[in-house]
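Enquirer: I would like the atomic coordinates for the input below:
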Amino acid sequence: MLKNLIDIKHQLSDVDSSTKKNIFFLGLAVFLVLLSYPLIRSASTAIFLQAYGAKSSPIVWVWSVLALSLLVSFYNHFQLKWRIHILYAGTGLFSIAFILFCFMMVESGSSFFAWPFYIWKEVYIVVMLHMVYGLLNTLVDIKIARILYGPLGAIGSLGGVFGGLLTSQFTKEYGLSGITIAGSFIILLSILSYLMAEKTKINKLSEKKDISPLASISNIKKYTALMASIVILSQFVINLANFKFNILFEIAVPDEVTKTEQLGRLYTWINLIAFFLQIAVLPFLLRFVSLKKIHLLIPIVYLATQMWTLGGGALAVASMFMVLKGTDYSIFAVSKELLYFPLTHKQKYGAKYIVDMFCYRFGKGLISFIMIYIQALFWIDTLLYTSLILWIFAIIPLTREHTKLTQESI
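Expert: As a prediction, the model looks like this:
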C-alpha cells in the first residue's frame, strides 16, 4: 500500500499547481457527496420501510431507475450547452430543497412523500458523482485520470464510512430530522468545493455525437453482449440480496429511529470493506492475478457468502449484503473498467454507453419489476443462485474474447 502511495506521488510530481488544486477540490467534492449519502440514504430508507414495508421496495426501485434514466438524458443534452458547474450547483441545491421538503411532508403525516424522498436519494448521488468525474476528465489527461481513479474511490469510501458513523452515532440524539439536515448541509459543502475547481465546459462527447453506439460496436457485438450480461447479472444479484435483506431487516428492527441507526452501521461496514479492498486487496489482485481469475473470483465469493446465509437470520444476510456491496463498489467496478482497454476509442464509446448507461439500469429495472410479483424468499434465493451460476458461465467466453481482442490490439 505504501509503495502505491509513493508511486502516485511520484507520477503527480510533474503536474502543475492549478491542476493539483482542481484535483484537490474535486476529491473533496467526492468525499463530501459520499459523506452525505449514508445520512440521506439511512433516513429515507428507514422512513420508506416503516411506511410501506420491504415488499414495496421493488416498486420504488423501478421508479428510481425511470427517474434516473430521464435525468441522465436531460443532463446528456444540457451538459454541452451549460457550464457543468451550473448543473452541479443546480442539482445540489434542488436536492437539498427537495429532500428537506419531502422530509417535512412525511413528518406532517403525508407518508406519500416517502416515495419521492427515497427515489431522489437514488438519483442525486449518481448524477453528482457523474459530474465530478466528468469535470475531472476534462481537466487532466488520461494518464493522470487513470492514476487518480483508485485513490478517489478510496476517498469516497472514507466519506461513506464517516457518513455511516455519523448516522449510527447521532440518530438517537438528534433524530431523523437532525440526520437529514446534516446530510443536506454536507451536500451544500460539496457544491462549494466543486465550484472551486476550474470553470470549464464539458464537451467530452462532442466529437462523437454523430456516431451511434450500435454502429461503433459493429465489430465487437459478441464482446459487448457478454459484458452487458455480467453487468445485468450483477444487478440481479445485488438487488435480490438487497430485497432479501430488507425483508428480514423489517422483521428484526421494528421502529424508524433504530432502523436509521442500524442502516448507518451497515453503510459504515460496506464502505470500510470497499476501502480495504481498494487499498489492500485490489493492487495485489491487479498485479499478481489474471483478469479472468479476478472476474471468476467475484461471483464465486458472492456464491459462497450466499450459501453461508442459508438458514441464517437478518445478521447473516446483512453480512452477505455488506460483502456484495463492498466488492461491487471496488473490485467489480475496477475489473469491469479493465474490460474496455483493448477497444478503440469509438468502440469504447459505444460499449460504455450500451453497457454502463443502458444495461446497468435495464438490469436493475428488470429484476425490480420481477420482484414486484415474486417475493417469497425461496424464489428470491432461487433467482440469486441462478444469476450467480449464469454469471460464472458468462465469464469464460467473455475473458476468451478479451484475450483475443487484446492480442489483436498489440
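Enquirer: tell me the helix or strand right after the strand or helix carrying Lys172.
Expert: Here Lys172, judged by DSSP states H and E, is contained in helix 142-195. Following helix 142-195 in sequence order, the next helix or strand is helix 213-216 (DSSP H and E).
Enquirer: hmm, back to that, what's the helix holding Lys172 packed up against?
Expert: In terms of contacts (3 or more CB pairs under 8 Å, 6 or more residues apart in numbering; DSSP states H and E), helix 142-195 is packed against helix 2-11, helix 17-52, helix 84-107, helix 114-139, helix 256-276, helix 333-338. (C-beta placed from N, C-alpha, C; glycine too.)
Enquirer: just the angle between the fourth one and helix 142-195, please?
Expert: For helix 114-139 and helix 142-195, the angle between their directions (axes from the mean of the first three to the mean of the last three CA atoms, to 10 degrees) works out to 130 degrees.
Enquirer: tilt between helix 114-139 and helix 17-52?
Expert: Going by the same axes, to 10 degrees, helix 114-139 makes 170 degrees with helix 17-52.
Enquirer: quick one: Ile270 from Ser42, how far?
Expert: Using CB to CB, to the nearest Å, Ile270 is found at 12 Å from Ser42.
Enquirer: give me the more crowded residue out of those two.
Expert: Set side by side, Ile270 and Ser42 show more neighbours around Ser42, with 30 against 25, by other CB atoms under 10 Å.
Enquirer: and the closest residue in space to that one that isn't next to it in sequence, what does it touch?
Expert: Excluding the flanking residues, the one nearest Ser42 by CB to CB, 6 or more residues apart in numbering is Leu263, at 4.0 Å. By CB atoms under 8 Å, 6 or more residues apart in numbering, Leu263 lies in contact with Pro38, Arg41, Ser42, Thr45, Ala46, Thr167.
Enquirer: at 7 Å instead, please
Expert: Shown in contact with Leu263 (CB atoms under 7 Å, 6 or more residues apart in numbering): Ser42, Thr45, Ala46.
Enquirer: give me the distance between the helix holding Lys172 and the centre of its chain.
Expert: Between the centre of helix 142-195 and the centre of its chain there are 14 Å (CA atoms, centre = their mean, to the nearest Å).
Enquirer: list the contacts for the nearest residue to Leu189 once chain neighbours are set aside?
Expert: Distances taken as CB to CB, 6+ apart put Leu32 closest to Leu189, at 5.1 Å, once the chain neighbours are dropped. In this structure, Leu32 makes contact with Gly159, Ile186, Leu189, Ser190, Ser193, judged by CB under 7 Å, 6+ apart.
Enquirer: now list the buried members of these.
Expert: Gly159, Ile186, Leu189, Ser190, Ser193 (16 or more other CB atoms under 10 Å).
Enquirer: distance check, Leu189 against Leu195.
Expert: Separation of Leu189 from Leu195 (CB to CB): 11 Å.
Enquirer: repeat for Ala376
Expert: According to CB to CB, Ala376 stands 49 Å off from Leu195.
Enquirer: which of the two has more neighbours?
Expert: Taking other CB under 10 Å, Ala376 and Leu195 do not tie; Leu195 has more neighbours (15 against 9).
Enquirer: contacts only, for the more buried one.
Expert: With CB under 7 Å, 6+ apart, Leu195 has these contacts: His85, Ala89.
Enquirer: how does it look with 8 Å?
Expert: Residues near Leu195 by CB under 8 Å, 6+ apart: His85, Tyr88, Ala89.
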